[in-house]
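> pasting a predicted model and its sequence here:
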Amino acid sequence: MKKQLFEKTILGKVKAYTYVVEFQKWGLPHAHFLLTMTGKYKYTGPEQYDRIISAELPNKHKYPELYKMVIKHMIHGPCGALNKKFPCTKNRPSCKNNYPRPFSETTIQGKDCYPLYRRRNNGSTEIVRNWKLDNRWVVPYNPYLLRMLNCHINVEICSSIKAVKYLFKFMYKGHDRAFVTDKVDEVEIDEIRQYRDTRWLHLPNMHMVSYHVKEKIKNIIDRDGTKKSMLTTYFEANNLHVKARGILYRDFPEYYTRQRRGKFWQERKRAALSQVGRIISAHPAEGERYYLRVLLNHVTGATSYEGLRTIDGQVMPTFREAAEKRGLIEADNTLDDAMTEAELFQVSSSLRRLFTTILVFCMPNDVHSLWNNHLKAMSEDYNINCKCKHTVEQMVLKNISDILHSMGKDIESFPLPKIDKQNGTTNDVPKEIIEETSIEVDPEDASLHKNLNNEQRKAYDKILATVDCQRGGLFFVDGPGGTGNTFLYRALLATIRGQGKIAVATATSGVAASIMPGGRTAHPRFKIPLRIDDGDICGFTKQSGTAKLLQAASLIIWDEASMTKRQTVEALDKSMRDIMDKPDLPFGGKTVVFGGDFRQVLPIVRKGTRAQIVDASLRRSELWNCMHQLKLVRNMRAPNDPWFTEYLLRVGNGTEETNDDGEILLPTSICVPNKADDNGLDRLIDSIYQPASLKDPKYITSRAILSTRNDCVDKINLKMIDRFQGEEMVYHSFDSVEDDPHNYYPPKFLNTLTPNGLPPHMLKLKINCPIILLRNIDPANGLCNGTRLLVRGFQKNAIDAEIVVGQHSGMRVFLPRIPLCPSDDDMFPFSFKRKQFSIRLSFAMTINKSQGQTIANVGIYLPEPVFSHGQLYVALSRATTTANIKVLTEEEKKKKNKNKNISASKTYTKNIVYTEVLTK
Ligand SMILES: Nc1ncnc2c1ncn2[C@@H]1O[C@H](COP(=O)(O)OP(=O)(O)OP(=O)(O)O)[C@@H](O)[C@H]1O
């Protein structure tokens, strides 16, 4: 195999390679190779991938032998629904390797993952292990290698640095033999040198000293430099050079080089980017050496071991305590400390909320102690009017029970003292109904119906006419942003609730739910399974409180239904028919009002094709045909900029005129000009954020820069937090991998991961900076995924923040660190957990996150064009007038650089609209 790859260069010339060989339990060798090709032999695009890799059944008649081998060695499973016992599916809802893979007409380059190989739906099938399988089950292979070796040999393109990193990790877990080289012809390894590399990290006076076997001990000790090591000379360099103090130990070789047989560091004339420093790994079981490493990985400028252990002038006795004090490793009592810290600042009601958040999200081991230690602080407000200890404790428990309930949890499931049963109260009425009937109608909302515009009134009258009628009615309110959907819902909710009836208000996202009185997120409200498929039903039983609530409801509203998969709505329909005992009537004959805008971002289908995304939308549900369409067209938010309203609709509908490249023209007034310099992004930032106004909370929360990807957003947020004035705090996350006793995934590697939806490892905050919440903590009380807040204070284990938008604006909350896992659990070949505050800075956010938010001043940064349906429309429609939008597209610059004839004054950009989801 090596001969074929490296001498015969069958896949092209190899620049570097690494391989590991495992001997599996039954003794057969199993090898993983990772090859890096030389310049012109690199595979850079789908067409080139297709030349060496196939993921299809070959032509049976043309290549009969290869065909047999593919069938014998390269067919996965079958697994999943066909065979739930297959190892990749065992105890999981579907195959962990994602088989069967989707059909694809062409090979597609994925971001940070393997390509999606061409698997055409061309009718070729074969019976394998009793099932008729097609191209979706073929494991990618190289025809030449397969034909030559006649064994399972999976070949894949690994084209992004992240994919390479993961592969390295994967290759080295539990290997029996590993080999790495960057010189294909030279294969010697110096194990002694490798061993001596451990000198990079040692405890005081425990470094390695080399000496001749005949040398006398005294001479060795007295020898100049014996006491010096790479680490101690690093401390010395920090002492001598101011510049050195900003550089981490591991990055030192980039800027300094070891001189005179390694006894001092000298500054390099030019940073050597090719020099990669590393600190030899240390296992947590090694104790102090491990904590020394943690400190060196995060702390710059130490001039001695003692300096490394010093924090705020206090020398900590051990590296462990120093790392703990700096918040670099997790202390045992962080949750208890979070409560104690909050007690100094918060009122009892906020403490109860924090306690509840900890119960639900932080999995405390010792709830009993947490309760006993903080009961006093949590009951101070009740103590004022009541001196009976038991009564006060009951009041605290009741309040915690209510908060838990609004978070969809039951106090009974936590080891807390029991709530006394009360006689003659509404014990038989489910909590869900008590809660809904106790929503107070805001007097302002009660009179909204008088101000409805014509279309809103028509919709309002039609909907009300069906309420309580035996057959109910289904409606879809199609209202582009600003046409008053929410206004209409508020009027409906107030009218129904004012009549003493029940109206259930839900929305797909927490942000949209939180702007409706009594609004809840649809998934937990209707107990919709997280992984939903055709034919699934909701998770509530006929006897449950949820079922009783829905049976009693006169009206159900589900806003942003265009963002949810049709299967979720279909699940509710099926369950409603069941609990209402009306199997033939949609939603069991209830009046259900859906709302949304299909011009906006559609439901997320992981790695989904256009057809799959469209198929997942509500428009493709059979229920769609039963829905009365109610259209709102008058933009009530931007009545003074009719041109902009029209333009937005054309962008959203995909009817705006395009150039030859299929791009639309952006109005010149909103474009940040692209100049030859590289400061476009700074100009965009300056046009949105004036440095002098950054102190004003109103100013800071009325604006945001939107971009397509998290890495661009992080870049802008880091620039902004550096510009922002104020006391600073840096929080590091505690990252871990489940079931990794050998520490194959060291924290330093885990810290570099930034999966979607998770906060960064290093969270740099300043007092009064804007942040956005990344989890639905308590949507009913304004704490949902997407809520914007300002940081008002920080402790070591808790952040004090204030909600700044929506109806809960002004509410102060304490946020604890929460263990978080990536929502996409197939993202890594291991179960990753990050314990961090579930927030990000929000000077900038992704376009998808901004959906549903009104942002008065919007900057849009498009280093590359939008990549999914509705993104451009969502970004542009956050603002209310053209005067408050600025857009920077880097694509335009690249094109202008290539073709000088392109008009410098016009900016075009890509607009992706799946028109089939708007018209059919
Ligand atoms: N009939 C009306 N009379 C007066 N003001 C109205 C009316 N309808 C809507 N508005 C106002 O117009 C603005 C936009 O309305 P609303 O927030 O209900 O729109 P929306 O369609 O829900 O927008 P989005 O989907 O972008 O959040 C609000 O300030 C609202 O108070």
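Yes, it's here.
> you'd agree Arg490 is in a helix?
Yes: under DSSP: H, G, I helix; E, B strand; the rest coil, Arg490 sits within a helix.
> please renumber the chain so that the first residue is 706 from this point on.
In the new count, where the first residue is 706, that last one comes out as Arg1195.
> can you tell me the closest non-neighbouring residue to it?
Asp1150 (4.9 Å; CB to CB, 6 or more residues apart in numbering). Heads up, the C-betas are built off the backbone N, CA and C, glycines and all.
> one more: Pro1524?
That would be Lys1540: by CB to CB, 6+ apart, it lies 4.8 Å from Pro1524.
> using CSV, write out the CA atom coordinates for whatever helix or strand the one you found lives in.
In the assignment (DSSP states H and E), Lys1540 maps to strand 1537-1541. The C-alpha coordinates for strand 1537-1541 follow below in CSV (Å, rounded to 0.1, in the frame of the first residue of the first chain):
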residue,chain,number,x,y,z
PHE,A,1537,-18.4,17.3,23.6
LYS,A,1538,-19.5,19.4,26.6
ARG,A,1539,-18.7,23.0,27.3
LYS,A,1540,-19.5,24.6,30.6
GLN,A,1541,-19.8,28.3,30.0
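> what average pLDDT does it get?
Strand 1537-1541 shows a mean pLDDT of 91.
> distance from the chain centre to the next helix or strand after it, please.
Next along the chain after strand 1537-1541, taking DSSP H and E as the criterion, comes strand 1544-1546. How far strand 1544-1546 lies from its chain's middle: 11 Å, per CA atoms, centre = their mean, to the nearest Å.
> hang on, the earlier thing: ok, residues contacting the strand holding Lys1540?
Contact with strand 1537-1541 is made by 1035, 1436, 1438-1443, 1455, 1458, 1460, 1463-1466, 1468, 1522-1527, as judged by CB atoms under 8 Å, 6 or more residues apart in numbering.
> inside helices: which ones of those?
Among the contacts of strand 1537-1541, the members found in helices (DSSP state H) are Leu1455.
> where along the stretch 1106-1255 of the chain do the strands fall?
Per DSSP state E, counting those that start in this stretch, the stretch 1106-1255 of the chain carries strands over the ranges 1178-1183, 1207-1212, 1225-1226.
> again, but for the stretch 806-955 of the chain
830-833, 836-839, 882-886.
> what comes into contact with the first one?
Residues external to strand 830-833 that are found in contact with it (CB under 8 Å, 6+ apart): 762, 776, 780, 783, 837-839, 842.
> can you name every helix or strand that the longest helix that the chain contains contacts?
As assigned by DSSP H, the longest helix anywhere in the chain is helix 1094-1111. Applying 3 or more CB pairs under 8 Å, 6 or more residues apart in numbering; DSSP states H and E, one finds that helix 1094-1111 contacts helix 1053-1066, helix 1072-1083, helix 1085-1090, helix 1136-1142.
> buried ones in it?
Of the residues in helix 1094-1111, 1097-1102, 1104-1110 count as buried by neighbour count, 16 or more other CB atoms under 10 Å.
> with adjacent residues omitted, what lies nearest to the residue most central in space within the chain?
By CA atoms, centre = their mean, the mean C-alpha position of the chain lies nearest to Gly1462, the distance being 1.4 Å. In space, and not counting its chain neighbours, Gly1462 is closest to Ser1528: 5.1 Å by CB to CB, 6+ apart.
> report how many residues lie close to that neighbour.
Neighbours of Ser1528 under the rule other CB atoms under 10 Å: 13.
> tell me the spacing between it and the ligand.
Distance of Ser1528 to the ligand, computed by CB to the nearest ligand atom, to the nearest Å: 24 Å.
> any part of stretch 1574-1583 near the ligand?
No: using CB under 6 Å from any ligand atom, stretch 1574-1583 stays clear of the ligand, with a minimum separation of 7.0 Å.
> ends of that stretch, how far apart?
Terminal residues of stretch 1574-1583 lie 16 Å apart, using CA to CA, to the nearest Å.
> so what touches that stretch?
For stretch 1574-1583, contacts defined as CB under 8 Å, 6+ apart pick out 1185-1187, 1303-1307, 1318, 1353, 1356-1357, 1369, 1409, 1411, 1413, 1552-1553, 1555-1556, 1558-1560, 1563, 1565, 1571, 1590, 1614-1619, 1622.
> could you give the average pLDDT over the helix or strand containing Val1319?
Element membership of Val1319, judged by DSSP H and E, is helix 1315-1321. For helix 1315-1321, the mean pLDDT works out to 90.
> for stretch 1517-1528, same thing?
Averaging pLDDT along stretch 1517-1528 yields 89.
> flag every buried residue along that stretch.
Under the neighbour-count criterion of 16+ other CB under 10 Å, stretch 1517-1528 has 1517-1523, 1525, 1527 buried.
> just name the closest of the residues you listed to the ligand, please.
Val1518 (23.5 Å; CB to the nearest ligand atom).
> so the closest one bridges to which residues?
Ala1506 (DSSP bridges).
> my read: it touches Leu1488, true?
Yes: with contact defined as CB atoms under 8 Å, Val1518 reaches Leu1488; the gap is 6.4 Å.
> between the two, what contacts are shared?
Ile1508.
> how much space between Ala1343 and the ligand?
9 Å.
> now for that residue, how many residues are close by?
Residues lying near Ala1343 (other CB under 10 Å) number 19.
> that one belongs to a strand, doesn't it?
No: using three-state DSSP, the assignment for Ala1343 is coil, not a strand.
> so what does the nearest residue to it once chain neighbours are set aside look like in phi/psi?
Sequence neighbours aside, Thr1585 is the residue nearest to Ala1343 in space, at 4.4 Å (criterion: CB to CB, 6+ apart). Here is the backbone geometry of Thr1585 (degrees, to the nearest 10): phi -100, psi -20.
> next one: Arg994
When read as degrees, to the nearest 10, the backbone of Arg994 gives phi -60, psi -40.
> what's near enough to touch it?
Contacts for Arg994 (CB under 8 Å, 6+ apart) come out as 906-908, 987.
> of those, just say which sits nearest to the ligand.
Set against the ligand, the nearest of the contacts of Arg994 by CB to the nearest ligand atom is Ala987 (51.9 Å).
> following element in sequence after the helix or strand that contains Arg1355, please.
Using DSSP H and E, the element containing Arg1355 is helix 1347-1358. Where DSSP H and E defines the elements, the next helix or strand beyond helix 1347-1358 is strand 1368-1371.
> thank you kindly, that will do.
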